[in-house]
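# here's a sequence, model it:
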Amino acid sequence: MLLDSNVIIFAARPVYGDLRTFIAQHSPAVSAVSYVEVLGYHKHSESERALFESFFAAANVLPLSDAVLREAIRLRQQRKMSLGDSLIAGTALTHGLKLVTCNTADFRWIPGLTLIDPLAVP
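This next block holds a predicted model:
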């Protein structure tokens, strides 16, 4: 499994304890894009930044390899999508991972990409 950035951000909120449990049980990987998106957000408090830094220090962060870049290009050539989403989807496809996201609508059109919305799972 590969976590989308939104799942990482939601999991940091106290109300999403079940989401943190889901992540702990599945030990999913994360894209280098999520690393930049989450840690690069300029409005994090010091405690939020420390929490995310600890998370990423323990996470399996997958790099933006040539194969991931080629897959992201292929996706963007088919349909308008953000650069971040194309790189995250490209990472999941390249590594044969399911994408865990709360934004399934952004990725539903991609053949071969299995999506899991952890907030929709009972």
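
# just how off-centre is the lowest-mean-pLDDT helix or strand in the chain within its chain?
When the helices and strands of the chain are compared on mean pLDDT, DSSP states H and E, helix 17-26 comes out lowest with a mean of 90. Centroid displacement of helix 17-26 relative to its chain, using C-alpha atoms, centre = their mean, to the nearest Å, is 14 Å.

# what's the following helix or strand after that helix?
Downstream of helix 17-26, the first helix or strand assigned by DSSP states H and E is strand 29-31.

# okay, now the sheet partners of that following strand, with direction.
Strand 29-31 sits in its sheet next to strand 2-3 (parallel), strand 61-62 (parallel), going by DSSP bridges.

# out of those, which is closest to residue 16?
Nearest to residue 16 among these is strand 2-3 (12.9 Å), distances taken as C-beta to C-beta. Backbone N, C-alpha and C define where each C-beta goes, glycine included.
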